[in-house]
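S.K.: build me a model from this:
(2 chains)
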Amino acid sequence: MKRLLSLILGLLTVCGLLAYASQSLEKSSGSTGSKVLNLYNWGDYIDPNLLTKFQKETGYHVNVETFDSNEAMYTKINQGGTHYDLAVPSEYMVSKMKRAHLLQPLDKSRLTGWGNFDQQFLNQSFDRGNRYSMPYFWGTLGIVYNDKMVKASEVQHWDDLWSPKFRDKVMLIDSARDIMGMSLVTLHKSMNTTNPQTLLAAEKRLNKLAPNVKAVVADEIKMYMIQDEAPLAVDWSGEAAEMLANNSHLHYVVPSEGSNLWFDNLVIPKTAQHYNAIYAFLNFMSEPKNAAQNAEYIGYATPNKKAKALLPKSIRDDREFYPDQKTIDHLQVYRDLSPNIVELYNDRYLEFKMHH
Amino acid sequence: MRAVTKRKTWLYFIPYGLWLALFVIAPVALIIYQSFFDLGHHFTLGNYSTYFQSATYLKMTLNSVWYAFLITLFTGLISYPTAYFLHQLKHRQFWLLLVILPTWINILLKAYAFIGIFSQAGLANQFLTFIGIGPQQILFTNASFIFVATYIQIPFMILPIYNAIDDLNPAFVNASRDLGASNWQTFRRVIFPLTLPGVKAGVQAVFIPSLSLFMLTRLIGGNKVITLGTAIEEHFLTTMNWGMGSTIGVILIVAMIIVMTLTGDQKPKGGAPR
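M.R.: Residues are numbered from 1 along each chain as shown, chains lettered A, B, ... in the order given. Next up, the predicted model:
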């Protein structure tokens, strides 16, 4: 009994010490002080050197917290109790947060770098006039292929994936909207269709792809492609950039007939407190030099025109990540659909996954 | 004196009661409550009618039950002999510890380890190439999914069976032998019936979690195995249709109750010898 008691006491002491230590650590990182900025970002989605540089230039310390899905971020901000000054939602989530009154409008008079952005990436349907959002990165949905197993000429279009020679060779990203969208493009329909019949047709079309589908997976797709597990994958350009950096046999194609154009955007959630720091940061990040440095580090496409001009020619002219104008013209931005339609997309997609 | 003891036992019940109310009853009640609301937060029975009218969900349910059954079956087939064998060993506590050890490691890590082993260039395929069969597609097959799930569940089956065997009075076995029963007869008539409660406890511990596995279905099964867990995850995270997700949750709870009743301790009937 005595031993048990001393064991329990010992455990309690250790727990107490740990709690104290973690609290004092939190204090020193200072999420509540006045010279800070609380950034809520995707994991590894900003060059850490830029954060140091920002602190040196402006004196604001940036606390970064990360999330791994738009929905998780939405839930956390919606529930309150957080003090995020800036968040980085994707475009459809911007509309959703806007409708839920979770965002504050940008004060354009305090923004100095607005002119650096490429006009064609501004004023999109998810946030007309960019009242709430500043584009951070943009990208596409496309096909990653391994040139050891597949020739470039064989996979230039979505339809090519349906070819019988790719039996059990294609990996799909586990995302209802993207995979249904791809199927819709091959049917020459809008990726934002709300017609149940069209969606049913898209599911039927996907069912025909089923024999070629090796797996429907999420982040792991990167690891599999890098390890030559599969010759083909449908994934986002950002993920593709990471794969290409780790395996020189991999390439990325955006089918010219159409695909998704997505944006990640900086927004000010309702929970923001440090407005001087926020605008200092937004201006800092839209400076061409900094935006270019960030784009080079992350490997995504920057919407900042002047930053793009500063990038090395090999990146700037990379058709994989900065597709030509003709392809860009065919890209479609996802509109925020009503929950019932989103449900419809997911149900059809689930049925496709059950089809095997 | 009696009154004091009574009050004291009542006090002991407080933490347990609180725990039960906060972490068991309240969540289940919330799930049941949520299952009656549609996307627009209107009261509805629609989620249930959708479930029972949708071939997709019914097929998914059958799939889940079938895979859970297979996993439980294989786990049982491996665990019973293992537990029996472990019990005969000299340093059983040590061997038992080795069986429990894998449960200390996070399930995701184990899944990723299996990805490494089963992939095209993985150990399993290197071995197949070495013995001349050549690399096979192992990942993303039903077999690999069942294999990994079984591996993960085995400790939860071995432990209750081991305890049941441990509780078995050796006098029964000796008596059976003395009365001329063969090894097989002793096992079938004496050992197995007396350790059956352990098997039942093991089935409960394995079957129910297996019904709603979802990380493994994606990581190892490549979403070629779709279980109810997949649907729940999708409803809560992507479509944010908590009503439908909760409805499937309720179905799982009902399935759980059925399994518990089927494998629970039946009261001895009539004059059955005990």
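S.K.: where does the stretch 151-274 of chain B come near chain A, residue by residue?
M.R.: B:218-219, B:222-224, B:226, B:230-231, B:234, B:237-241, B:244 (Cβ under 8 Å from any Cβ of the partner chain). Glycine gets a C-beta too; all of them are placed from N, C-alpha and C.
S.K.: at 7 Å instead, please
M.R.: Residues of the stretch 151-274 of chain B lying close to chain A (Cβ under 7 Å from any Cβ of the partner chain) are B:218-219, B:222-224, B:226, B:231, B:234, B:237-241.
S.K.: and the closest residue to A:Phe126 other than its chain neighbours, how far is that from chain B?
M.R.: What sits nearest to A:Phe126 in space, not counting adjacent residues and going by Cβ to Cβ, 6 or more residues apart in numbering or on different chains, is A:Glu91, at 4.2 Å. As judged by Cβ to the nearest Cβ, to the nearest Å, A:Glu91 and chain B stand 16 Å apart.
S.K.: residues in contact with A:Glu91?
M.R.: A:Glu91 makes contacts with A:Gln124, A:Phe126, A:Trp262, A:Phe263, A:Asn265, A:Val333, A:Tyr334, as judged by Cβ atoms under 7 Å, 6 or more residues apart in numbering or on different chains.
S.K.: repeat that for A:Ser248.
M.R.: With Cβ under 7 Å, 6+ apart, A:Ser248 has no contacts at all.
S.K.: so it, which of the three states?
M.R.: State at A:Ser248, reduced to three classes by DSSP: H, G, I helix; E, B strand; the rest coil: coil.
S.K.: thought A:Leu282 was touching A:Ala111, still the case?
M.R.: Actually, residue A:111 is Leu rather than Ala. Yes. Contact criterion Cβ atoms under 7 Å: A:Leu111 and A:Leu282 qualify, at 6.0 Å.
S.K.: neighbour count for those two, which is higher?
M.R.: A:Leu282 (20 against 15; other Cβ atoms under 10 Å in any protein chain shown).
S.K.: B:Ile32 contacts B:Val250, doesn't it?
M.R.: Yes. Between B:Ile32 and B:Val250 there is a contact at 5.8 Å, judged by Cβ under 7 Å.
S.K.: the two: which has the busier surroundings?
M.R.: The residue with more neighbours, out of B:Ile32 and B:Val250, is B:Val250; 19 against 14, by other Cβ under 10 Å.
S.K.: ok, now which ones touch the more buried one?
M.R.: Counting by Cβ under 7 Å, 6+ apart, B:Val250 has contacts B:Ile31, B:Ile32, B:Ser35.
S.K.: now go through those residues and say which are in strands.
M.R.: Using DSSP state E, no member of the contacts of B:Val250 sits in strands.
S.K.: okay if I get the residues of the stretch 151-274 of chain B next to chain A as CSV plus pLDDT and secondary structure?
M.R.: Listed next are those as CSV, based on pLDDT from 0 to 100; DSSP: H, G, I helix; E, B strand; the rest coil:
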residue, pLDDT, secondary structure
B:Arg218, 88, helix
B:Leu219, 88, helix
B:Gly222, 89, coil
B:Asn223, 87, coil
B:Lys224, 84, coil
B:Ile226, 85, coil
B:Ala231, 87, helix
B:Glu234, 83, helix
B:Leu237, 77, helix
B:Thr238, 76, coil
B:Thr239, 77, coil
B:Met240, 77, coil
B:Asn241, 84, coil
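S.K.: which of those residues are buried?
M.R.: Among these, the ones that count as buried by 16 or more other Cβ atoms under 10 Å in any protein chain shown are B:Arg218, B:Leu219, B:Gly222, B:Asn223, B:Lys224, B:Ile226, B:Ala231, B:Glu234, B:Thr238, B:Thr239, B:Met240, B:Asn241.
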